[in-house]
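[1] sharing a model prediction with you, sequence too.
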Amino acid sequence: MQLIEIVKQSDKILDIGTGPAGSHFYPYAKPETIIVGIDKYNKPEVEHPNFIYEALDAMDLDKVGTGLFSKFKPGWMEYFDLVVADHVMEHVSNPEKLVTGIKKVLKKDGIAHIAIPDPNNFTEKFYHLIHPEGGGHVSKIPKKELIALFEKHGFELLYYTDIPDDWKWLEFLYDWKRRGIKYFANEDIKSIVETFRKELTAEKGYFYGGEYFWRRK
């Protein structure tokens, strides 16, 4: 199962946590497909003709249909064919609240795509070591707990696969200078990244997290 193939067939997509550049799958959507992107902090520059940006917190989705959240149209209840929340759940303080919101906006038999790091693996432990303040990762949800959470709220797991780590986040996003790390250089980051890429490979059984495809019952 591939996300891109589902995107090509979808008419209404919700992308939770767009980031500053939007998501990689936008170019594969049909021109007439409506893509709604929500992100509390970033408004991406997107060329898709039917892209709509909303500056919203992901956990506010659970207010849809309650009359408490005027920014969402009442018609958005069970509105989307596909909801994508990649690398979002580890950033919210109440993952169950997010799952509740996803269920509200997703059509019956609609697909939710979730990608999330596994807190028991090396990458996430190393991430917290070099981000002592958390680095935005405030929730740790092991695979077993995540599956139980979605099943509790009426989702069926259609497909799961492990995600390898390419370590680009460390190579390009980790700002060691701003953190005041001394006796260090960019060459040291590159050396660490090269070592991880050599030793922590999918061929050797290492993975960063998981990719989940859920069907709303």
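    That came through fine. Numbers count the residues shown, from 1 in each chain.

[2] residue closest to the middle of this protein?
    Taking Cα atoms, centre = their mean, the centroid of the chain lies closest to residue 86, which sits 1.5 Å from it.

[3] please name the nearest non-neighbouring residue to it.
    Using Cβ to Cβ, 6 or more residues apart in numbering and skipping the chain neighbours, the partner closest in space to residue 86 is residue 115 (4.0 Å). (C-beta placed from N, C-alpha, C; glycine too.)

[4] report the beta-bridge partners for that neighbour.
    Going by DSSP bridges, residue 115 is paired in beta bridges with residue 86, residue 211.

[5] next, work out how far apart residue 199 and residue 86 are.
    Residue 199 sits 26 Å away from residue 86 when distances are taken as Cβ to Cβ, to the nearest Å.

[6] for residue 36, list the residues it contacts.
    For residue 36, the contact set (Cβ atoms under 8 Å, 6 or more residues apart in numbering) comprises 12-15, 51-54, 80.

[7] which one of those residues is nearest to residue 166?
    Residue 166 has its nearest neighbour among those in residue 15, at 21.2 Å by Cβ to Cβ.

[8] what about that closest one, helix or strand, and which?
    Taking DSSP states H and E as the definition, one finds residue 15 inside strand 12-16.

[9] roughly how far out does that strand sit from the chain middle?
    Its chain's average C-alpha position is 12 Å from that of strand 12-16, according to Cα atoms, centre = their mean, to the nearest Å.

[10] tell me which helix or strand comes right after it.
    Per DSSP H and E, the first helix or strand lying C-terminal to strand 12-16 is strand 34-38.

[11] in this structure, which spans are helices?
    Per DSSP state H, the chain carries helices over the ranges 3-9, 95-105, 122-130, 143-152, 168, 186-199.

[12] list the buried ones in the last one?
    Which is helix 186-199. By 16 or more other Cβ atoms under 10 Å, the buried positions in helix 186-199 come out as 189, 192-193, 196.

[13] what angle separates it from helix 122-130?
    Angle of helix 186-199 versus helix 122-130, following axes from the mean of the first three to the mean of the last three Cα atoms, to 10 degrees, is 160 degrees.

[14] show residues contacting helix 186-199.
    Identification of contacts with helix 186-199 by Cβ under 8 Å, 6+ apart yields 165-167, 170-171, 174, 176.

[15] mind listing what's buried in stretch 153-171?
    Result for stretch 153-171 [16+ other Cβ under 10 Å]: buried residues 155, 163, 165, 167, 170-171.

[16] likewise stretch 17-24?
    Residues of stretch 17-24 classed as buried under the neighbour-count rule (16+ other Cβ under 10 Å) are 17-18, 22-23.

[17] and these, which two are the farthest apart?
    Maximum pairwise distance in the buried residues of stretch 17-24, criterion Cβ to Cβ, is 10.5 Å, between 17 and 22.

[18] between the contacts of helix 186-199, which sits nearest residue 211?
    residue 165 (12.8 Å).

[19] burial count for the nearest residue to the closest one once chain neighbours are set aside?
    Take residue 165 and drop its neighbours on the chain: the residue closest to it by Cβ to Cβ, 6+ apart is residue 208, 3.7 Å away. Neighbour count for residue 208, taken as other Cβ atoms under 10 Å: 22.
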